[in-house]
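Peer 1: from the sequence below, what's the structure:
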Amino acid sequence: MLRHHQLKDVRNIGIMAHIDAGKTTTTERVLYYTGVSYQMGEVHDGAAAMDWMVQEQERGITITAAATTCMWRDVQVNLIDTPGHVDFTVEVERSLRVLDGAVAVFCAVGGVEPQSETVWRQADRHDVPRVAFINKMDRAGADYGAVVGQLERQLDANPIVIQLPMYDEDTFAGVIDLVEMQALTWDAESLGAKLNRSAIPAAWRNDAEAARLQMLESLADSDDMFMEQFLDDDVTEPGIRTALRRCTIGNNGVPVLLGAALKNKGVQPLLDAVVDYLPAPSDVEASRDLDAEPFVGLAFKVMSDRHFGRLTYVRCYSGVLRRGDKVLNPRTGEMFPAGQLLRMHANKATEIEALHAGDIAAIVGAQGPLTGDTMCAPGADVRLAALQLPEPVMSVALTPASEEHRAKMHSALTSLALEDPSLDVHIDTQTGQTLVAGMGELHLDVLVDRLQREYDVLLTASRPEVTYREAVLESGTGVGLVQTRAGQKGVFAEVTVEVAPAVGADVAIDVTAVENTISREYVTATHNALSRCVTTGALAGYPMAGATVTVLTAREHEFDSNSVAFELAAAQAFKHAAMQATLQLLEPIMALEVVVPVDYVGDVIGDLNSRRGRVTGMDSRGTTQVVRADVPLREMFGFATDLRSKSQGRATYTMQFTRFDPLPKAMGEALTNQSAG
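Peer 2: The predicted structure follows:
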């Protein structure tokens, strides 16, 4: 069992990358070389320890962020392996929210790809220090220099290359450590477990000296203290490491390492870099005695486990949490006892006695917390920054085989939506169908597969549909009045609502003007009704975006009012206000990247133009061309088949949501008429 380590000897890191960059393969080597696993699981065999879900093993991709803990040089490394597919980007978001550092993995051939940029920007937003690992250096076309250039141009990063690759003819033989000035090679018979350090071969000496000078100059440009040492010719190996650590933690530079994880080369120096350069919790909160403060943690993931039930993954920021301790959820004001505490290894677990500052672990059975909730000791009442969740862009309608399966389906969807906050589950008020919105076709396909396999629900799913948004261009005001009388008893509620445009995509509901004019329960009923209204809009049944819904006035009757009357009146007022306002439909726009042989570029661009696409850039990548374009999601159905046909199966593509744009007027009118019909 792992002992509790001092904060300086803990690293909370994530491994992030574009799909197929080798992220999970790298993680599997980390587990093997640190002794957590006794054999290497391979992604292509469906045997990777961190890809434990059936859907992950079948598809060869990471779907859910998996946590584990390992030891390297007597430092406890809490590691989260995150998905590389854009449809599961919420897993990256909530992981980065609680991590102190990250390893960004890049393919030496593919370089900075779309999801590489997405996860890098997420790390930027959370101010997470990074080291970069350029993987697949053994591949034909590997060009680490080109990738370093992309880090500078596309990611606005300051890469500091600390290794130089060595090749034996066309075979990737190892690397030169530019800090220690040693050649590193790996023993094939030991599956890379044996790392050999030797003098730099004479053939590589001049290149190594030039590369080291470039590293020192880059480091001097990034760190003022090291600049003085560099100018005074007082450069030592410990001084270089200290400067690299200072530069990395300050997000002034990114150490770049090289390797080929599948060939078992380069992973141990990467682990050294995690220990040497990425921050400990004490580096992030250097001025505080975290262990001595009250317990404060963040629930960054909630999931259902068939063995343990509900698991709440928590990052502890201060204090200590022991089993049975009372915990406050500041969002709800509720208290609950901490249950069993588990150190997770993918879907396996080891019980621990306490959760200390800097730790990441799971609490069994906590029913109150949701993803993003703060958890703290009674009396602390601290609220940490919430998560930013992506907008769903695609939906499916689910039809169960029977009423029995309908009940099972809704129970399962409740659990899955709790587990994945990027899912939006609601009932279509016109058709009664259950609609589930998510981040893309793969996201929804995995959801349906889980409903059928894990929850034994018989159902059919419709063809995926694009999820639009309804934006407000000009304000409108409406009144809702519910007034009836039957004998001595009447029903009364009156609400006036304004629907107005707002900056950004968020929707705000403001009831402050009536908080002191009607009963509190009626204020709550009004707010709840308007919350439901904005999820179905008023134009074509789609969620609203960029709007403020303000309750201007409200009247109640001393005897005849009730909460239901105010819900009805608020819904009426919203409908009338929306009719007076000017609304517009927005469609999701996808950032598309197509990698295609030069001979087929013209055909691909012609196809994109026919889909209302707009080419935003083109680059050469070896013998292929990279075409970047913004394309409406509704036009992308069938693109994969057409691309294979036009390129004889030689082109590939990736896409991710980038923004909502106005839908052309004729298309918007057609959707509105279809909804009305």
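
Peer 1: distance check, Lys194 against Asn264.
Peer 2: Separation of Lys194 from Asn264 (Cβ to Cβ, to the nearest Å): 10 Å. Backbone N, C-alpha and C define where each C-beta goes, glycine included.

Peer 1: of the two, which one has the most company?
Peer 2: Ranked by neighbour count (other Cβ atoms under 10 Å), Lys194 and Asn264 place Asn264 first, with 22 against 13.

Peer 1: skipping adjacent residues, who's closest to that one in space?
Peer 2: Excluding the flanking residues, the one nearest Asn264 by Cβ to Cβ, 6 or more residues apart in numbering is Gly192, at 2.6 Å.

Peer 1: that neighbour - how many residues pack around it?
Peer 2: Counted with other Cβ under 10 Å, residues neighbouring Gly192 total 23.

Peer 1: re earlier: between Lys194 and Asn264, what contacts are shared?
Peer 2: In terms of Cβ atoms under 8 Å, 6 or more residues apart in numbering, Lys194 and Asn264 are both contacted by the residues Trp186.

Peer 1: so where's the longest helix in the protein?
Peer 2: helix 202-222 (DSSP state H).

Peer 1: that one: how far from the chain's middle?
Peer 2: With Cα atoms, centre = their mean, to the nearest Å as the basis, helix 202-222 stands 36 Å off its chain's centre.

Peer 1: return the set of buried residues in it.
Peer 2: Trp204, Ala208, Ala211, Arg212, Met215, Leu216, Ser218, Leu219, Ala220, Asp221, Ser222 (16 or more other Cβ atoms under 10 Å).

Peer 1: pLDDT of it, averaged?
Peer 2: If you average the pLDDT over helix 202-222, you get 97.

Peer 1: send the alpha carbons of it over as PDB?
Peer 2: What follows is helix 202-222, C-alpha atoms only, in PDB (Å, rounded to 0.1, in the frame of the first residue of the first chain):
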ATOM      1  CA  ALA A 202      31.800  10.600 -32.400                       C
ATOM      2  CA  ALA A 203      29.500  10.900 -35.400                       C
ATOM      3  CA  TRP A 204      26.900  12.700 -33.300                       C
ATOM      4  CA  ARG A 205      29.200  14.900 -31.200                       C
ATOM      5  CA  ASN A 206      29.100  18.000 -33.300                       C
ATOM      6  CA  ASP A 207      25.300  17.900 -33.700                       C
ATOM      7  CA  ALA A 208      24.900  17.300 -30.000                       C
ATOM      8  CA  GLU A 209      27.100  20.400 -29.100                       C
ATOM      9  CA  ALA A 210      25.200  22.600 -31.500                       C
ATOM     10  CA  ALA A 211      21.800  21.300 -30.200                       C
ATOM     11  CA  ARG A 212      22.900  21.800 -26.600                       C
ATOM     12  CA  LEU A 213      24.000  25.400 -27.300                       C
ATOM     13  CA  GLN A 214      20.600  26.000 -28.900                       C
ATOM     14  CA  MET A 215      18.900  24.500 -25.800                       C
ATOM     15  CA  LEU A 216      21.000  26.800 -23.500                       C
ATOM     16  CA  GLU A 217      20.200  29.900 -25.500                       C
ATOM     17  CA  SER A 218      16.500  29.100 -25.500                       C
ATOM     18  CA  LEU A 219      16.600  28.500 -21.700                       C
ATOM     19  CA  ALA A 220      18.500  31.800 -21.200                       C
ATOM     20  CA  ASP A 221      15.900  33.700 -23.300                       C
ATOM     21  CA  SER A 222      13.200  32.200 -21.100                       C
END
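
Peer 1: returning to that earlier point: please verify my assumption that the residue nearest to Asn264 contacts Thr26.
Peer 2: No - in this structure Gly192 lies outside contact range of Thr26 using Cβ atoms under 8 Å: 11.8 Å.

Peer 1: what residues are shared contacts of these two?
Peer 2: Both Gly192 and Thr26 are in contact with Val267, where contact means Cβ under 8 Å, 6+ apart.

Peer 1: if I look at Gly546, how far off is Asn329?
Peer 2: Taking Cβ to Cβ, one finds Gly546 at 31 Å from Asn329.

Peer 1: ok, the two, which is more surrounded?
Peer 2: Neighbours were counted for Gly546 and for Asn329 using other Cβ under 10 Å; Gly546 has more, 21 against 18.

Peer 1: where are the low-confidence patches of the stretch 351-500 of the chain?
Peer 2: For the stretch 351-500 of the chain, residues meeting the criterion pLDDT under 70 lie at 429-430, 486-488.

Peer 1: now the strands for it?
Peer 2: Along the stretch 351-500 of the chain, counting by DSSP state E, counting those that start in this stretch, strands occupy 354-356, 360-364, 374-376, 394-400, 424-427, 434-438, 459-461, 465-466, 469-474, 476-486, 489-501.

Peer 1: now mean neighbour count and distance to Gln340 too, for those strands, in TSV please.
Peer 2: Shown next, in TSV, are those (neighbours: other Cβ atoms under 10 Å; distance: least, Cβ to Cβ, whole Å):
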stretch	mean neighbour count	distance to Gln340
strand 354-356	22	11
strand 360-364	25	4
strand 374-376	24	15
strand 394-400	20	34
strand 424-427	15	29
strand 434-438	22	31
strand 459-461	16	34
strand 465-466	16	42
strand 469-474	20	42
strand 476-486	16	50
strand 489-501	22	48
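
Peer 1: so can I have a markdown table of the ones you listed showing distance to Ser95?
Peer 2: As requested, the strands of the stretch 351-500 of the chain are exported to a markdown table (distance: least, Cβ to Cβ, whole Å):
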| stretch | distance to Ser95 |
| --- | --- |
| strand 354-356 | 18 |
| strand 360-364 | 10 |
| strand 374-376 | 17 |
| strand 394-400 | 23 |
| strand 424-427 | 21 |
| strand 434-438 | 19 |
| strand 459-461 | 28 |
| strand 465-466 | 28 |
| strand 469-474 | 27 |
| strand 476-486 | 42 |
| strand 489-501 | 35 |
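
Peer 1: the ones you listed: which one's closest to Val30?
Peer 2: strand 360-364 (15.9 Å; Cβ to Cβ).

Peer 1: what average pLDDT does the helix or strand harbouring Leu586 get?
Peer 2: Using DSSP states H and E, Leu586 sits in strand 582-597. Across strand 582-597, pLDDT averages out at 93.

Peer 1: what is the mean pLDDT for stretch 549-558?
Peer 2: pLDDT averaged over stretch 549-558 gives 95.

Peer 1: over to stretch 309-318?
Peer 2: 91.

Peer 1: list the buried residues for the helix or strand harbouring Leu568?
Peer 2: Assigned by DSSP H and E, Leu568 falls within helix 563-580. For helix 563-580, burial by neighbour count (16+ other Cβ under 10 Å) applies to 563, 565-574, 576-578.
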